[in-house]
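*Asks:* Attaching a predicted model along with its sequence, questions to come.
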Amino acid sequence: MNEAARSNPDVQSSPALLLVTDLIFHVHGHCSDARQLFRSREVCQEWRRSIDAPEQSELWRGLLVKRCGLRRHVALPSQLPTTTWRAAYLLALGPIVTFGSLVTDNGRHFSTEQLDEMLQWLVRLADLAATEARCPFGHLFGIDARGWTYAAVFKSGKRKGGLGGGGSDLQAHVQEWWRPAVMALTERVRASVNDAPLEARSAACRSVRSFVHLMSSVVMRWGCSGGGSSTAEWMAQSVRDAEPACVALERMAQ
């Protein structure tokens, strides 16, 4: 769009521009690379302004729902208390591209540092789900994210350059992360929703429970291989380890 058009308020408020904006979100809902939408924003300054406008939050929400493999009618709020659905989209889907490329590139290692980065991202995403969206963690931790996370944990324990001792080292490393991570998450959630209505507090508690369940079935599932514990025992233990923090949070919500 040229400078004259950008300065014309009739063009800026054109219904055609709004239609194009809707189409942008629809098209990018079917793209395999979450970064494509942000690349396309460089095409036109007015286009970028329209996409990033606060009133487009609902469209970002719809795009996130589609990219996470969810049904349109999932119970997600149209607006978030202190952030936007655009920011939520970036947090939920942005890192997946990086993790996915590392997992699928057989010539590169998924190092301990990269595993730690992924685990920290999971906690930040859980915080967003509980304190902002107040939805089950699984609503933001989509199908692709689960697959890449599982594959990354597997690769970090198997490949040279990762946790070289295999399953036993991986199990110890993940366990060292898990308990403090859950305690820190529940403390942040408690501080965020302490003065919220009962319904919001209860939703935050359910979200944390959803996080614990998915971490036990996705991150912990492979972590015990070669470590002397069965997969079922290790998964159950991870849930038990999180139980005190979850119970304390639920008492606050009552």
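*Replies:* It's in.

*Asks:* C-alpha only now, for contacts and for neighbours.
*Replies:* Noted.

*Asks:* Helices along the stretch 51-200 of the chain, start to end?
*Replies:* 57-67, 85-104, 112-128, 143-158, 167-193, 198-218 (DSSP state H, counting those that start in this stretch).

*Asks:* I'd like these as JSON lines, with distance to Gln237 appended.
*Replies:* Listed next are those as JSON lines, based on distance: least, Cα to Cα, whole Å:
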{"stretch": "helix 57-67", "distance to Gln237": "32"}
{"stretch": "helix 85-104", "distance to Gln237": "27"}
{"stretch": "helix 112-128", "distance to Gln237": "18"}
{"stretch": "helix 143-158", "distance to Gln237": "18"}
{"stretch": "helix 167-193", "distance to Gln237": "10"}
{"stretch": "helix 198-218", "distance to Gln237": "9"}
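
*Asks:* Adding mean pLDDT, mean neighbour count and distance to Ser78, write those helices out as TSV.
*Replies:* TSV is the format used below for those (pLDDT from 0 to 100; neighbours: other Cα atoms under 10 Å; distance: least, Cα to Cα, whole Å):
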stretch	mean pLDDT	mean neighbour count	distance to Ser78
helix 57-67	79	21	6
helix 85-104	80	18	8
helix 112-128	91	19	15
helix 143-158	80	21	22
helix 167-193	87	18	19
helix 198-218	93	22	15
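
*Asks:* And those: which comes nearest Pro244?
*Replies:* Pro244 lies closest to helix 167-193 among the helices of the stretch 51-200 of the chain, at 8.8 Å (Cα to Cα).

*Asks:* and that closest one with helix 143-158, angle?
*Replies:* 140 degrees (axes from the mean of the first three to the mean of the last three Cα atoms, to 10 degrees).

*Asks:* Quick one: list the elements packing against helix 167-193.
*Replies:* Other elements packing on helix 167-193 under the criterion 3 or more Cα pairs under 8 Å, 6 or more residues apart in numbering; DSSP states H and E are helix 112-128, helix 143-158, helix 198-218, helix 220-223, helix 231-253.

*Asks:* quick one: which of the ones you listed is nearest Lys66?
*Replies:* helix 143-158 (10.7 Å).

*Asks:* quick one, that closest one and helix 198-218 angle?
*Replies:* Using the same axes, to 10 degrees: helix 143-158 against helix 198-218 is 40 degrees.

*Asks:* relative to helix 112-128, how tilted is helix 143-158?
*Replies:* Using the same axes, to 10 degrees: helix 143-158 against helix 112-128 is 150 degrees.

*Asks:* can I get the CA coordinates of helix 143-158 in PDB?
*Replies:* Extracted C-alpha coordinates of helix 143-158, given in PDB (Å, rounded to 0.1, in the frame of the first residue of the first chain):
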ATOM      1  CA  ILE A 143      -1.300 -31.700  19.200                       C
ATOM      2  CA  ASP A 144       1.900 -30.700  17.400                       C
ATOM      3  CA  ALA A 145       3.400 -29.300  20.600                       C
ATOM      4  CA  ARG A 146       2.800 -32.600  22.400                       C
ATOM      5  CA  GLY A 147       4.500 -34.600  19.600                       C
ATOM      6  CA  TRP A 148       7.500 -32.400  19.300                       C
ATOM      7  CA  THR A 149       7.900 -32.200  23.100                       C
ATOM      8  CA  TYR A 150       7.800 -36.000  23.400                       C
ATOM      9  CA  ALA A 151      10.300 -36.400  20.500                       C
ATOM     10  CA  ALA A 152      12.600 -33.800  22.100                       C
ATOM     11  CA  VAL A 153      12.700 -35.600  25.400                       C
ATOM     12  CA  PHE A 154      13.400 -38.800  23.600                       C
ATOM     13  CA  LYS A 155      16.200 -37.300  21.500                       C
ATOM     14  CA  SER A 156      17.800 -35.600  24.500                       C
ATOM     15  CA  GLY A 157      18.200 -38.900  26.200                       C
ATOM     16  CA  LYS A 158      19.200 -41.000  23.200                       C
END
